[in-house]
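Enquirer: Here is a sequence together with a model predicted from it:
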Amino acid sequence: MMTFVVLMVIHNKHVAGTLDQATHSLISWFFILTAIFVISLAIILYRYRIRELLNRQEVRNRIAVDLHDNIGSTLSSISVYSQVAKIYQQQQNHHQLNKVLDTIGETASEMISEMGDIVWAINPNNDHMSSIYSRMDSYARPVCKAKNINFNLHCDPKVPFLKLEMNIRKNIYLIFKEAINNALKYADCEVITVKLYLVDAVLILSVHDDGAGFEYHSRLENEEQTLSGNGLRNMKMRADEIFAQLKIISAKNGMGTQIEVQYRIP
């Protein structure tokens, strides 16, 4: 009987020791897994932080390039116009002098407007298409009204909920703005209709006017020969930058002009 009791005590101690080892092993594994989790989380957060910093730097670089190109080009144009104005002043050609001075004023105003567009584009509060829609309307409607042009803006109900990167929304908006400006300057139209809609994950911007139309290649050649006016080339460049398709449909046949941008949502 005593031997049995002793054996039971030894067995219980062995079991208790085994349980203590198992508990100790579980605790050790818990701390090891916790440490691995914390280290992994720290690495993920670090990489996320680095990626965010790189994205911000890329944004800064794009802004710097835009500012450099826009301001440099504008100041160069103003410098050329100033030299031309001096020549007209010496010739006492007041009519041409006034035209050049008006051009200098318009160029400076356009630069101020472009600066505002860049500031708007980098604001993260404007990521959604609803912001682009509002800005399109607030820009185009007053300038069209000033020229007695009927402006219509239609938007697919799904479009305002789209969220686009800074570079995408900036270029889509500036293509729209360029199209409106071209219609105001050259189309001699009565109606401008703008549509924003989605088709199979493709965002489509359409700008149509009922004006005189133009020959595409002739317009390009004319732009090359003038100090200002690179609208068609600018639109093509901006579409290429965001890997969008740009279609320009126009002819001098009384059917007006349609400019369409197609951007596939990733």
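Expert: On my side now, so go ahead. Numbering: from 1, shown residues only.
Enquirer: What residues sit buried inside the helix or strand hosting Ser109?
Expert: When secondary structure is defined by DSSP states H and E, Ser109 falls within helix 94-122. Neighbour counts using 16 or more other C-beta atoms under 10 Å place 97, 100, 103-104, 107, 111, 114, 117-118, 120-122 of helix 94-122 among the buried residues. (Each C-beta comes from the backbone N, C-alpha and C, glycine too.)
Enquirer: Now for these: which two are most distant?
Expert: Distances among those were taken as C-beta to C-beta; the most separated pair is Leu97 and Ile122, at 38.6 Å.
Enquirer: For stretch 258-266, C-alpha coordinates in PDB please.
Expert: Listed next in PDB are the C-alpha coordinates belonging to stretch 258-266 (Å, rounded to 0.1, in the frame of the first residue of the first chain):
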ATOM      1  CA  GLN A 258     -15.900  66.800 -80.200                       C
ATOM      2  CA  ILE A 259     -13.000  66.200 -77.900                       C
ATOM      3  CA  GLU A 260     -13.100  62.900 -75.900                       C
ATOM      4  CA  VAL A 261     -10.800  61.600 -73.300                       C
ATOM      5  CA  GLN A 262     -11.000  57.900 -72.200                       C
ATOM      6  CA  TYR A 263      -9.200  56.900 -69.000                       C
ATOM      7  CA  ARG A 264      -9.400  53.300 -67.700                       C
ATOM      8  CA  ILE A 265      -9.800  53.200 -63.900                       C
ATOM      9  CA  PRO A 266      -7.100  50.800 -62.500                       C
END
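Enquirer: Tell me where the model's unsure across this protein.
Expert: Along the chain, segments meeting pLDDT under 70 span 1-24, 26, 56, 59-60, 62-64, 66-68, 216-230, 253-254.
Enquirer: For it, just list every one of the helices.
Expert: For the chain, the helices defined by DSSP state H cover 2-90, 94-122, 129-146, 166-182, 216-224, 231-241.
Enquirer: Give the other helices and strands that the helix holding Ser109 contacts.
Expert: If you count contacts as 3 or more C-beta pairs under 8 Å, 6 or more residues apart in numbering; DSSP states H and E, helix 94-122 packs onto helix 2-90, helix 166-182.
Enquirer: ok and the last one relative to helix 129-146, angle-wise?
Expert: Counting by axes from the mean of the first three to the mean of the last three C-alpha atoms, to 10 degrees, helix 166-182 lies at 10 degrees to helix 129-146.
Enquirer: Outside of helix 166-182 itself, list whatever touches it.
Expert: With contact meaning C-beta atoms under 8 Å, 6 or more residues apart in numbering, helix 166-182 is reached by 59, 62, 117-118, 121-122, 124, 126-127, 129, 131-132, 135-136, 139-140, 143-144, 164, 192, 194, 203, 205, 207, 231-232, 234-235, 238-239, 241-242, 244, 246, 257, 259, 261, 263.
Enquirer: circling back: closest to Ser82 out of the buried residues of helix 94-122?
Expert: Ser82 has its nearest neighbour among those in Ile104, at 7.0 Å by C-beta to C-beta.
Enquirer: so Leu164 touches Asn126, yeah?
Expert: No: between Leu164 and Asn126 there is no contact under C-beta atoms under 8 Å: 9.4 Å.
Enquirer: how about the helices of the chain, which one is nearest His154?
Expert: Minimum separation from His154 across the helices of the chain (C-beta to C-beta) falls at helix 129-146, 10.1 Å.
Enquirer: Now that closest one: buried residues?
Expert: Buried-residue list, helix 129-146, by 16+ other C-beta under 10 Å: 129, 131-133, 135-136, 139-140, 144.
Enquirer: what's the answer for stretch 191-208, then?
Expert: Applying 16+ other C-beta under 10 Å to stretch 191-208 flags 192-196, 203-208 as buried.
Enquirer: Now the two most distant members of those.
Expert: Ile192 and Leu203 (19.7 Å).
Enquirer: coming back round to it: pipe the buried residues of helix 94-122 into a markdown table and attach distance to Ser28 per row.
Expert: A markdown table is the format used below for the buried residues of helix 94-122 (distance: C-beta to C-beta, whole Å):
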| residue | distance to Ser28 |
| --- | --- |
| Leu97 | 89 |
| Val100 | 83 |
| Thr103 | 79 |
| Ile104 | 78 |
| Thr107 | 73 |
| Met111 | 67 |
| Glu114 | 63 |
| Asp117 | 60 |
| Ile118 | 57 |
| Trp120 | 57 |
| Ala121 | 54 |
| Ile122 | 51 |
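Enquirer: Thanks a lot, catch you later.
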